[in-house]
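Asker: 3D model of this:
(chains A and B)
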Amino acid sequence: MTRKQRRSVLIGVCLAVLGLAVGLVLFALEDSIVFFYSPSDVSQKNIKPGQRIRLGGLVKEGSVKRGENTTVQFSVTDTAKTVSVVYTGVLPDLFREGQGVVTEGKLGSDGVFVADNVLAKHDENYMPPEVAEALKKQGVWQGEGSKPKPN
Amino acid sequence: MIAEIGHFALILALGVALAQTILPIWGAQQRDYTLMRIGVPAAQAQFCLLLLAFFSLMAAYVTSDFSLLNVFENSHSAKPLLYKISGVWGNHEGSMLLWVLILALFGCAVAVFGRNLPPDLKANVLGVQGSISVAFLIFIVTTSNPFTRIDPAPFEGRGLNPILQDPALSFHPPFLYAGYVGFSMAFSFAIAALLTGRVDPAWARWVRPWTLAAWMCLTLGIAMGSWWAYYELGWGGWWFWDPVENASFMPWLAGTALLHTALVMEKRDSLKVWTILLAILTFSLSLMGTFLVRSGVLTSVHAFAVDPARGVFILGIMVLFIGGALALFAGRAQMLRQGGIFAPVSREGALVLNNLLISTACAAVFIGTLYPMALEAVTGAKISVGPPFFNATFGPLMVPLLIAMPFGPFLAWKRGDILGASQRLSVAAIVTMLVIIAAYALTGSGPWLAPLGLGLGIWVIAGALSEVAFRAKMFRAPWDEVFRRLRNLPRAAYGSTVAHIGIGVMVLGIVATTAWQSEKIISMKPGQSTSIAGYDLKFMGVSPNKGANYSEQIGLLIVSRGGEEVTRLFPSKRLYVAPKTATTEAGIHAAWTGDLYSVLGDELKDGAFAVRLYFNPLVRLIWIGTLIMFFGGLLSLTDRRLRVGAPKPARAGTSPAAAE
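Answerer: Modelled structure (predicted):
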């Protein structure tokens, strides 16, 4: 094999692997991306039932209802609009009424969001930034944390 | 008072780092040996000063000196001592101090152990190390000073986030940082090589032990993080493709590629340009990891404090160093003459394939991690890229890598014999086939790909063992000769074999637990029973308990198999006092076949509780595999050739490498 042939083999293999990778990435990006929406977005943007999305906002006070077994029903609100959510499973430790939450799942044809994953914030001062932003848009943002910062 | 000493030492270290940056590099340009030698005491002094600063901060934590803002915000007097100490780096300011401390430690190690380095190379390496220190020390002093006082001092601190109060997590950041920062050595050596214009096999031989040590620390750090996530978060999983995990995984991938390509450079004086580029990229990814985690662009438990000024500052450091390094690389790379040529099928060729697949996989992880941020910055759309993306891209790229892995060591340098290699791997191939067939026969259910995945793990393990067997002439020579050969094999050869076996073991764990995990979420009243994966579990109810700084509700599950009691699980829900936070403690029973994993959920109607149960088959192999990889690295590191140190470049020029 000449030096030139060796080089073309190397370059060929490189291109093949890169091509494969680009294909995989494009294919996977098409398929597995999940968009984040606030309850207002859900009502405005006409999201198709069955499309996988993330829905985030505050858990509405007094909306949490326990159903049969581990099924829970609650409402997610950004104060302007509210979406009811059904979830079967174990809620995260930090799930509480009036607190920020992100749920992942699909919108049913009846307008109820069926979540298969519920994420709550990690600690008291933390708010998912998507939720914070959505709340800012609605003008109900109260600032980070409840405790005063010492100086 | 102690805090002021620490503060002073920190600022002094900045001055020393400045001197360490400017004088040796200037000296190397001027060929002034006095100036070049200043790098050594400067690196030592910088390390001592930072150590003093670090211990001052630790003293403040241990004595709960709440007049320091940092201690007040992240500690609490009722916290156990271990977490008072680990609290030092459980926050933004302290962890950055640890970062520069480790950086200075590596610089100091070069100063002390690099006696046989050529003076100009050593001066440049220490200078580049110093410049990284300068950047991060300015960052600490101006935007994240851990020694800021508050007046009046509060009586009690706010406490450390309870999910961080955990033994494995106490040591996760130091190891992770040792890995991140350890790659700065490869970076400094690469820059120094570009500055001096000389790269030879001796260079690769100096760089390799540092890279290996950093890689080992990073391996352990990532494994600890994953282990912690597994038993502490209560989600039953071990890897979530969370951006923060990816931030540490990308430098690991690049570092792994670097270890392999440095081998080609050391033995064959080839692939120079690529090795230098990879050394730069590996540390760039480490910097990016620091940026992602510290700047608060990511939403996770790691984003301690969100302050735009810090993010912009680290971004600036990143742009400066990565941009500068790449510019220097672009200007100087053509000076590096290419060495030995090789056929596509050869050891070099195999290592090129390894690099190609690993760096492509790294790029895929990179895209998946940064795409959501880029998209949001450009269009404002908020998306999340989750595990499906990474499984669909990273997974398929790993398959050819694992298939090709056993072939590499059987191929000769320069020109390899693929048929010969295949013959020598025939036993491994037969074992693999048998395992695949047995797995299909035994498992019946589950994804059809899973037995093939198990076969892949076995193939890697059997292939690595075949290599040792071949080199020792096992079954082909008398046993005493085999033993003699086994004793005489270099430790580095054992090191790579052991590390490859570790990969195989990890693959087995990953495949088994991904394919055959069982999960069950049910509501249980006290006295009710359920079963999962052959275990019968009886829920006995929940009782309250009080710990040092928390109160908890402990559930009791009696686990039995075939009527006989196996163990008792105590999953609990804790409520910490400061900061007021609820956490989940999983109850786990480890057996050879897998982990029985239980999580206590909320109280439901009529005194029932939500209970989540998992059976994770062979899940521990994942961490056992990483431990094996770590020990493989350790074996390699103790190899005589690396320990004694690299030969002088004059002799390396007449190539001890070619003699291998």
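Asker: Give me the residue at the spatial middle of chain B.
Answerer: Residue closest to the average C-alpha location in chain B (CA atoms, centre = their mean): B:Leu218, at 2.5 Å.
Asker: Tell me the buried residues in the helix or strand harbouring it?
Answerer: In this structure, B:Leu218 sits in helix B:201-232 according to DSSP states H and E. By 16 or more other CB atoms under 10 Å in any protein chain shown, the buried positions in helix B:201-232 come out as B:201-232. Heads up, the C-betas are built off the backbone N, CA and C, glycines and all.
Asker: Now do the residue nearest to the centre of chain B, the pLDDT please.
Answerer: You'll see B:Leu218 listed with a pLDDT of 95.
Asker: my guess is it contacts B:Trp252, does it?
Answerer: Yes - counting by CB atoms under 8 Å, B:Leu218 touches B:Trp252, with 5.1 Å between them.
Asker: all helices for chain A, in order.
Answerer: All helices of chain A, identified by DSSP state H, fall at A:3-32, A:39-45, A:129-138.
Asker: How is the chain partitioned into domains?
Answerer: Chain wasn't specified; assuming chain A. In terms of domains, chain A is parsed into A:1-32, A:35-138 (source: automatic domain parsing).
Asker: let's do chain B instead
Answerer: B:1-159, B:518-620.
Asker: Check those domains for me: which has the lowest mean pLDDT.
Answerer: Of all these, domain B:518-620 carries the lowest average pLDDT, namely a mean of 88.
Asker: what number of residues lie near residue 79?
Answerer: As the question left the chain open, I've gone with chain A. 15 (other CB atoms under 10 Å in any protein chain shown).
Asker: hmm, I had chain B in mind actually
Answerer: B:Lys79, neighbours per other CB under 10 Å, totals 24.
Asker: can I assume it sits in a helix?
Answerer: No - assignment of B:Lys79 by DSSP: H, G, I helix; E, B strand; the rest coil gives coil, placing it outside any helix.
Asker: quick one: least confident helix or strand in chain A?
Answerer: helix A:129-138 (a mean of 62; mean pLDDT, DSSP states H and E).
Asker: Pull the residues that contact stretch B:423-434.
Answerer: By CB atoms under 8 Å, 6 or more residues apart in numbering or on different chains, the residues outside stretch B:423-434 that reach it are B:406-407, B:410, B:422, B:455, B:458-459, B:462-463, B:465-466, B:470.
Asker: How far off centre is that stretch?
Answerer: 32 Å (CA atoms, centre = their mean, to the nearest Å).
Asker: CA atoms only: put it into PDB for me.
Answerer: The C-alpha coordinates for stretch B:423-434 follow below in PDB (Å, rounded to 0.1, in the frame of the first residue of the first chain):
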ATOM      1  CA  GLN B 423      -7.200 -17.000  15.400                       C
ATOM      2  CA  ARG B 424      -5.700 -16.000  18.800                       C
ATOM      3  CA  LEU B 425      -9.100 -14.700  19.800                       C
ATOM      4  CA  SER B 426     -11.000 -17.900  18.700                       C
ATOM      5  CA  VAL B 427     -11.300 -19.200  22.300                       C
ATOM      6  CA  ALA B 428     -12.700 -15.800  23.400                       C
ATOM      7  CA  ALA B 429     -15.100 -15.900  20.500                       C
ATOM      8  CA  ILE B 430     -16.300 -19.400  21.400                       C
ATOM      9  CA  VAL B 431     -16.900 -18.500  25.000                       C
ATOM     10  CA  THR B 432     -18.800 -15.400  23.900                       C
ATOM     11  CA  MET B 433     -21.000 -17.500  21.600                       C
ATOM     12  CA  LEU B 434     -21.700 -19.900  24.400                       C
END
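Asker: so who does the nearest residue to B:Gly408 once chain neighbours are set aside touch?
Answerer: Of all residues not flanking B:Gly408 in the chain, B:Ala350 sits nearest, at 3.8 Å (CB to CB, 6 or more residues apart in numbering or on different chains). Contact analysis of B:Ala350 by CB under 8 Å, 6+ apart lists B:404, B:407-408, B:411, B:416.
Asker: that's a helix at B:Ala350, yeah?
Answerer: Yes - under three-state DSSP, B:Ala350 falls within a helix.
Asker: Residue numbers of the stretch 101-250 of chain B in contact with chain A?
Answerer: B:150, B:154, B:158, B:161, B:163 (CB under 8 Å from any CB of the partner chain).
Asker: Columns neighbour count and secondary structure on top of the residues you listed, output as JSON lines?
Answerer: Listed next are those as JSON lines, based on neighbours: other CB atoms under 10 Å in any protein chain shown; DSSP: H, G, I helix; E, B strand; the rest coil:
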{"residue": "B:Ile150", "neighbour count": "16", "secondary structure": "coil"}
{"residue": "B:Pro154", "neighbour count": "14", "secondary structure": "coil"}
{"residue": "B:Arg158", "neighbour count": "19", "secondary structure": "coil"}
{"residue": "B:Asn161", "neighbour count": "22", "secondary structure": "coil"}
{"residue": "B:Ile163", "neighbour count": "22", "secondary structure": "helix"}
